[in-house]
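**Q** with the input below, show me the fold.
(one chain, ligands or ions: 1)
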Amino acid sequence: MKISVVGCGYLGAVHAATLASMGHTVVGIDVDAQKVAHLNKGFAPFHEPGLDELLRDGFATKRLTFSTDFADAAGAQTHFLCVGTPQSKTSDTADLSYVIAATKSLLPHLASGAAVVGKSTVPVGTVDMLRGILARRPDVLLGWNPEFLRQGTAVKDSLVPDRLVYGVPGGKDSAAGTLSRLRSTPSTNL
Ligand SMILES: NC(=O)c1ccc[n+]([C@@H]2O[C@H](COP(=O)([O-])OP(=O)(O)OC[C@H]3O[C@@H](n4cnc5c(N)ncnc54)[C@H](O)[C@@H]3O)[C@@H](O)[C@H]2O)c1
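**A** Numbering: from 1, shown residues only. Presented below is the predicted three-dimensional model:
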């Protein structure tokens with residue numbers, strides 16, 4: 001399956017590399033050109049055991065690429081939102097501006113029936129707000145699959161998570177099944 005991962009920091013780079021190791025074709029998209037260049041050389045911009053090896057495996061199999069161009073996400077059946085959600089500088093809430101910007105940038109490139117699945121840590125109500133941005137695309141499934149990886153064991157936590165949480169629209173149980181099946185063919189023994 002072709003998958004895009006939007007936001008290739010700690011969460012996104014690990015998620016992209018582990019999905020590629022499971023046999024998917026993955027494009028990681030980030031607005032930070034320096035980070036993308038670094039990742040495309042097979043090096044994570046931070047230290048995480050096992051990640052450089054997974055990145056290099058992904059490139060060797062041609063299943064993993066990184067880009068600053070959202071057009072490269074076109075044709076993906078599933079898009080994971082992995083951008084940052086820091087605390088707002090002006091209030092106690094999370095700053096969702098990166099999530100909103102990423103969703104807007106993806107919008108023109110969403111294939112019919114695609115799924116946009118957030119992994120970033122967000123407050124309740126975020127999906128309803130993003131649904132407004134995707135209002136003209138009722139065919140696109142919008143859900144959430146929060147991440148619980150821990151720095152230092154992120155690759156292992158991502159390959160073999162101790163829990164999987166899916167928030168998908170009512171009556172769309174098959175969406176949770178599809179997301180679970182994405183993870184059903186790990187090829188790395190960690
Ligand atoms: N780091 C962790 O251990 C961890 C664990 C669980 C959950 N999370 C959650 O994951 C999310 C991401 O965290 P992180 O640590 O990876 O953050 P990060 O700051 O390392 O990475 C965020 C990336 O998003 C990119 N970005 C920003 N705006 C963008 C846009 N419009 N389009 C594309 N890319 C964009 C940035 O350039 C950056 O590379 C946060 O919500 C965080 O709470 C993080």
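**Q** drop to CA atoms for contacts and neighbour counts, all remaining ones
**A** Will do.
**Q** got a list of what residue 130 touches?
**A** Counting by C-alpha atoms under 8 Å, 6 or more residues apart in numbering, residue 130 makes contact with 100, 103.
**Q** got it, and residue 139?
**A** Neighbour list for residue 139: 112, 113, 114 [criterion: C-alpha under 8 Å, 6+ apart].
**Q** tell me the most packed of the residues you listed, by neighbour count.
**A** Most neighbours among the contacts of residue 139, by other C-alpha atoms under 10 Å: residue 114, with 20 neighbours.
**Q** list phi and psi for it.
**A** Phi and psi for residue 114, reported as degrees, to the nearest 10, are phi -70, psi 160.
**Q** before we move on, back to that, now narrow the contacts of residue 139 to whatever sits close to the ligand.
**A** Among the contacts of residue 139, none lies close to the ligand by the criterion of C-alpha under 6 Å from any ligand atom.
**Q** and the residues you listed as TSV, adding distance to residue 156 and pLDDT?
**A** Formatted as TSV, the contacts of residue 139 follow (distance: C-alpha to C-alpha, whole Å; pLDDT from 0 to 100):
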residue	distance to residue 156	pLDDT
112	33	96
113	31	94
114	28	96
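**Q** return the member of the residues you listed nearest to residue 62.
**A** residue 114 (22.6 Å; C-alpha to C-alpha).
**Q** quick one: name the residues of the chain near the ligand.
**A** Within the chain, the positions adjacent to the ligand are 6-12, 29-32, 82-85, 98, 101-102, 120-121, 147-151 by C-alpha under 6 Å from any ligand atom.
**Q** for PyMOL, what selects the buried ones among these?
**A** With 16 or more other C-alpha atoms under 10 Å as the burial test, the buried ones among these are selected in PyMOL as follows:
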select buried, resi 6+7+8+9+10+11+12+29+30+82+83+84+85+98+102+120+121+147+148+149
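**Q** so which of the residues of the chain next to the ligand are in strands?
**A** In this view, these that belong to strands under DSSP state E are 6, 29.
**Q** low-confidence stretches in this protein?
**A** By pLDDT under 70, the low-scoring segments of the chain are 171-173, 185-190.
**Q** can you give me phi and psi for the residue located most distally from the centre of the chain?
**A** Using C-alpha atoms, centre = their mean, the residue of the chain lying farthest from its centre is residue 90. It sits 27.1 Å away. Main-chain dihedrals, residue 90, degrees, to the nearest 10: phi -110, psi 0.
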